[in-house]
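Chemist: Sequence and computational prediction follow.
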Amino acid sequence: MAALWIAHVTVTDNEAYGKYAELAGPAIAKHGGEFIARAARYVQLEGKERPRNVVARFPSVEAAVECYNSPEYQTALNHARDASERELVVVEIAD
């Protein structure tokens with residue numbers, strides 16, 4: 001079943017995070033991920049507000065987790081670790 005990769009992010013270093021975004025996009029695409037929403041308009045109804053929200057669709061939970069653990073994505077993530085506060089979850093899409 002398909003899955004959604006959902007990230008809620010507060011960027012604290014735009015330059016470093018820009019490098020993350022530059023590298024993360026191709027890594028996500030390589031693993032079958034397709035962006036549905038990225039830094040678009042949103043309404044925070046509950047919880048901690050994060051001004052950057054990203055949703056990507058993957059063929060499966062496993063494909064999303066493989067992407068996260070891939071060398072390409074981990075290289076990208078090295079740029080985001082000290083440049084942002086973030087939460088990331090992968091959720092299987094219900095039929």
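Modeler: Yes, it's here.
Chemist: Report the buried residues of whatever helix or strand E72 lives in.
Modeler: In this structure, E72 is located in helix 71-80 according to DSSP states H and E. Neighbour-count burial for helix 71-80 flags 73, 76-77, 79-80 (criterion: 16 or more other C-beta atoms under 10 Å). Just so you know, the C-beta spots here come from the backbone N, C-alpha and C atoms, and that holds for glycine as well.
Chemist: cool, and stretch 59-70?
Modeler: By neighbour count on 16+ other C-beta under 10 Å, the buried set for stretch 59-70 is 61, 63-64, 67-68, 70.
Chemist: Stretch 50-61 now?
Modeler: Buried positions in stretch 50-61, judged by neighbour count with 16+ other C-beta under 10 Å: 50, 52-54, 56, 58, 61.
Chemist: Make JSON lines from those residues and add secondary structure and distance to A16 to it.
Modeler: Converted to JSON lines, the buried residues of stretch 50-61 look like this (DSSP: H, G, I helix; E, B strand; the rest coil; distance: C-beta to C-beta, whole Å):
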{"residue": "R50", "secondary structure": "coil", "distance to A16": "17"}
{"residue": "R52", "secondary structure": "strand", "distance to A16": "14"}
{"residue": "N53", "secondary structure": "strand", "distance to A16": "19"}
{"residue": "V54", "secondary structure": "strand", "distance to A16": "17"}
{"residue": "A56", "secondary structure": "strand", "distance to A16": "21"}
{"residue": "F58", "secondary structure": "strand", "distance to A16": "25"}
{"residue": "V61", "secondary structure": "helix", "distance to A16": "29"}
